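**Q** This is a predicted model, with the sequence first.
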Amino acid sequence: MAAGDSKIFNDFALKLAKKTYDLSSDAFAISFIATAYGSVNADATDPDITDYTPLTGGNFVAATTLASTAVTRAGAALKFDFADMSTIAKAAGNPATIKTALIKHTVTGDLYKAIALTADSGTTAIDVINNDFDYTVNAAGSFTQTVA
């Protein structure tokens with residue numbers, strides 16, 4: 001697994017199909033955890049942010065709302081997207097054990113997606129004490145779906 005790899009929680013897709021969420025208007029937030037990306041179970045039943053411990057301290061808060069959530073379509077391709085995060089400045093008080101990012105539905109706490117932040121499957125934490133942190137959404141969107 002490489003930094004930037006991601007996986008969508010299977011229960012999120014199920015709940016989306018059951019119309020639990022409205023991707024065009026619901027809010028989503030990102031949290032950072034010490035759990036290695038490879039240890040995050042995308043097939044967990046009803047995964048919720050309370051299953052993990054969001055790291056806080058320095059310039060990091062428990063959850064940062066992602067701006068400009070949008071759903072668009074071009075031909076048969078559906079794209080779910082949001083704006084890139086503003087830079088989180090390096091600071092001595094920032095958490096020293098961040099390995100994975102989780103994106104959750106802000107109202108329910110249901111987990112949508114896990115993102116690998118390290119190149120070594122989460123063995124080594126990212127350094128946000130000496131380095132600023134930027135999260136850029138994939139140019140193709142947070143997820144895409146093509147209808148065949």
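**A** Everything's here; your move.
**Q** quick one: G38 is in a helix?
**A** Yes. Checked against DSSP: H, G, I helix; E, B strand; the rest coil, G38 lies within a helix.
**Q** Neighbours of the spatially closest residue to it that is not a sequence neighbour, how many?
**A** In space, and not counting its chain neighbours, G38 is closest to S121: 4.6 Å by Cβ to Cβ, 6 or more residues apart in numbering. Backbone N, C-alpha and C define where each C-beta goes, glycine included. A count of neighbours around S121, defined by other Cβ atoms under 10 Å, yields 15.
**Q** How about A125?
**A** For A125, the count of nearby residues is 19 (other Cβ under 10 Å).
**Q** Same question for V137.
**A** Close neighbours of V137, defined as other Cβ under 10 Å, add up to 16.
**Q** same thing with T64?
**A** Neighbours around T64, by other Cβ under 10 Å: 16.
**Q** could you pull out the helices for this protein?
**A** With DSSP state H as the criterion, the chain has helices at 10-17.
**Q** Below-threshold pLDDT in it: ranges please.
**A** Applying pLDDT under 70 to the chain picks out residues 1-2.
**Q** Work out which residue lies at the spatial centre of the chain.
**A** Geometric centre of the chain, nearest residue: I103, 3.1 Å, by Cα atoms, centre = their mean.
**Q** Assess the claim that that residue and A29 are in contact.
**A** Yes. At 7.1 Å, I103 counts as touching A29 under the criterion of Cβ atoms under 8 Å.
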